[in-house]
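> This is a predicted model, with the sequence first.
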Amino acid sequence: MLRFSRLSPTPPSVTASASPSFTPPDATARLTALLRWSCALLFFARAWQHLRWDAPFRALLWSEETMSGAVAFFLGLDWQTYATSPVVAQAIDGLTRGFGGFYLLCGVAALACAPGRRWTRVVLGLGALALVFLAHLYQRDRLLRLGEFGEYALQFTLPAVLVFWIRRTPAGLAAVSRPLLLRVLAVATALTFACHGLYAAGAYPTPGEWVTMTCLLTGLDDLWALRLLRVAGVLDFVVALAVLLPFRRVALPALAYAAAWGLATALARSAAFVRWENLSESSAQWLHETVLRLPHAAVPLVLFLALRRAAAAPAPRDEPSPFPVRENQTQTQTT
């Protein structure tokens, strides 16, 4: 696993040359801003999705195998009556809108999150759990594929990391906990890219939307668009492996690629499907699909900046590390 430098503010009495393992306050502030805004935009996009469009709650609530016993016990209804009831359909719509309002509050909490504001940490913690539940709903909607759940790992990990990143901690504890949080984000990034690669590489059926989007943006036919996606899927696996290996020289270019590719795939939705002749409706339908994927670019960028800082200012030799980094340096042997 990669080792990140300590991220506590530099004490007034410690200069950069005397203690190179400290990240300057402005560098930490940039990382915090990236995490905060990517988390807020994620929640605002999910809020728009739930308030304007829909979410896969019916994948659970209309699953006869899962819900028939609970429906009979709590509602006293047979399945046919429950599944065709307009009252139940309206209740599911209301539940979807309710989650949309909650996600809107989560976005505000991400922007307002501060050490002294406990309510923001509570809301963000609940928001992370809601995103885990949403990932499970998408998993149920896609034949319970494990990779479908893992594809959302970065999204539901980000709010929880933000809570611990901003909380008030002693300087020494913050120096230890923030690199640990970056490692958590690295694992979530690797899982997200690897599971995305399962679809692009063909281990799972490649979504037709991806093929159509690639054709529209590149001018390729379906066959060559699918081949291009296969290459992208293989690169997703390479990125996932490189992020987890303890080699900075490998991880830095991989994270740079991940940030660029994450931004490209996020923007691709709007670039392919938003139309000037129908700008209002098409942007309402697709713009949030871009926004909610921006963390797929922002988090690799955070990891890249933090790791580059760690490479430029390595920790002291005598500092113990549970995750040593091999720098691929040739060791001389004494005889």
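On my side now, so go ahead.

> Show me where this structure dips below the pLDDT cut-off.
2-3, 5-25, 168-176, 313-335 (pLDDT under 70).

> which parts of the longest helix along it are buried?
Longest helix in the chain, counting residues (DSSP state H): helix 171-200. Neighbour counts using 16 or more other CB atoms under 10 Å place 174-175, 177-179, 181-183, 185-200 of helix 171-200 among the buried residues. From N, CA and C alone the C-beta is placed, and that goes for glycine too.

> next SSE after it?
helix 208-218 (DSSP states H and E).

> Report the angle between that next one and helix 171-200.
90 degrees (axes from the mean of the first three to the mean of the last three CA atoms, to 10 degrees).

> CA-only coordinates of helix 208-218, as PDB, when you get a sec.
Taking Å, rounded to 0.1, in the frame of the first residue of the first chain, the C-alpha atoms of helix 208-218 are listed here in PDB:
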ATOM      1  CA  GLY A 208     -25.400  -0.200 -24.700                       C
ATOM      2  CA  GLU A 209     -25.400   3.400 -23.500                       C
ATOM      3  CA  TRP A 210     -21.600   3.200 -23.300                       C
ATOM      4  CA  VAL A 211     -21.300   1.900 -26.900                       C
ATOM      5  CA  THR A 212     -23.700   4.600 -28.100                       C
ATOM      6  CA  MET A 213     -21.900   7.300 -26.200                       C
ATOM      7  CA  THR A 214     -18.500   6.200 -27.600                       C
ATOM      8  CA  CYS A 215     -19.900   6.100 -31.200                       C
ATOM      9  CA  LEU A 216     -21.300   9.600 -30.900                       C
ATOM     10  CA  LEU A 217     -18.100  11.100 -29.500                       C
ATOM     11  CA  THR A 218     -15.600   9.300 -31.700                       C
END
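
> ok, residues contacting it?
Helix 208-218 has contacts (CB atoms under 8 Å, 6 or more residues apart in numbering) with 199-200, 220-222, 225-226, 228-229, 268-269, 271-273.

> Spatially, which two of those residues are the most separated?
221 and 269 (20.8 Å; CB to CB).

> quick one, which of these two is more surrounded?
residue 269 (20 against 10; other CB atoms under 10 Å).

> wait, doesn't that one sit right on residue 288?
No - Residue 269 lies out of contact with residue 288 (CB atoms under 8 Å); the separation is 9.1 Å.

> where's residue 78 relative to residue 72, distance?
Distance, residue 78 to residue 72, using CB to CB, to the nearest Å: 7 Å.

> next one: residue 280
45 Å.

> Give me the more crowded residue out of the two.
residue 72 (13 against 7).

> name the element the closest residue in space to residue 298 that isn't next to it in sequence belongs to?
Leaving aside its sequence neighbours, residue 298 sits nearest to residue 38 (CB to CB, 6 or more residues apart in numbering; 3.7 Å). Take DSSP H and E as the rule and residue 38 turns out to sit in helix 25-52.

> And the contacts of the following helix or strand past that helix?
The first helix or strand that comes after helix 25-52 along the chain, using DSSP H and E, is helix 58-61. Defining contact as CB under 8 Å, 6+ apart, one finds that helix 58-61 is touched by 66, 67, 88, 92, 136, 137, 138, 140, 141.

> The third one contacts residue 82, correct?
Yes - in this structure, residue 88 sits in contact with residue 82. The criterion is CB under 8 Å, and the distance is 5.9 Å.

> Burial check on the residue nearest to residue 298, number of neighbours?
23.

> what about the strands in this protein?
For the chain, no strands turn up when DSSP state E is the criterion.

> need the helices for it, in chain order.
Using DSSP H, helices in the chain cover 25-52, 58-61, 64-70, 79-83, 86-112, 118-141, 146-150, 153-166, 171-200, 208-218, 222-244, 248-273, 279-291, 295-312.

> Reformat these into TSV and put distance to residue 4 next to each item.
Listed next are these as TSV, based on distance: least, CB to CB, whole Å:
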stretch	distance to residue 4
helix 25-52	10
helix 58-61	38
helix 64-70	42
helix 79-83	51
helix 86-112	22
helix 118-141	22
helix 146-150	23
helix 153-166	13
helix 171-200	4
helix 208-218	33
helix 222-244	12
helix 248-273	10
helix 279-291	27
helix 295-312	5
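
> returning to what we had before: what sits against the residue nearest to residue 298?
Counted by CB under 8 Å, 6+ apart, residue 38 has contacts 158, 294, 295, 298, 299.

> how close does the fourth one get to residue 235?
Okay, so that is residue 298. 19 Å.

> what about the two, which has more around it?
residue 298 (25 against 18).

> That one touches residue 36, doesn't it?
No - with contacts defined as CB under 8 Å, residue 298 does not count as touching residue 36, sitting 10.0 Å away.

> gap between the nearest residue to residue 289 once chain neighbours are set aside and residue 55?
Nearest non-adjacent residue to residue 289, counting by CB to CB, 6+ apart: residue 269, 4.2 Å away. Using CB to CB, one obtains 17 Å as the distance from residue 269 to residue 55.

> Point to the residue nearest the middle of this structure.
residue 154 (2.5 Å; CA atoms, centre = their mean).

> got the CA positions of stretch 283-302 in PDB?
Written as PDB, here are the backbone C-alpha positions of stretch 283-302 (Å, rounded to 0.1, in the frame of the first residue of the first chain):
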ATOM      1  CA  SER A 283     -29.400  19.000 -19.800                       C
ATOM      2  CA  ALA A 284     -32.000  18.300 -17.100                       C
ATOM      3  CA  GLN A 285     -31.700  14.600 -18.000                       C
ATOM      4  CA  TRP A 286     -28.000  14.300 -18.400                       C
ATOM      5  CA  LEU A 287     -26.100  17.100 -16.700                       C
ATOM      6  CA  HIS A 288     -26.400  15.500 -13.200                       C
ATOM      7  CA  GLU A 289     -25.000  12.200 -14.700                       C
ATOM      8  CA  THR A 290     -21.800  14.200 -15.300                       C
ATOM      9  CA  VAL A 291     -21.800  16.000 -11.900                       C
ATOM     10  CA  LEU A 292     -22.300  12.900  -9.800                       C
ATOM     11  CA  ARG A 293     -19.200  11.300 -11.500                       C
ATOM     12  CA  LEU A 294     -16.900  14.200 -10.800                       C
ATOM     13  CA  PRO A 295     -15.500  12.500  -7.700                       C
ATOM     14  CA  HIS A 296     -14.100   9.900 -10.000                       C
ATOM     15  CA  ALA A 297     -11.700  12.600 -11.200                       C
ATOM     16  CA  ALA A 298     -11.400  14.700  -8.000                       C
ATOM     17  CA  VAL A 299     -10.400  11.900  -5.600                       C
ATOM     18  CA  PRO A 300      -7.600  10.500  -7.900                       C
ATOM     19  CA  LEU A 301      -6.400  14.100  -8.200                       C
ATOM     20  CA  VAL A 302      -6.400  14.400  -4.400                       C
END
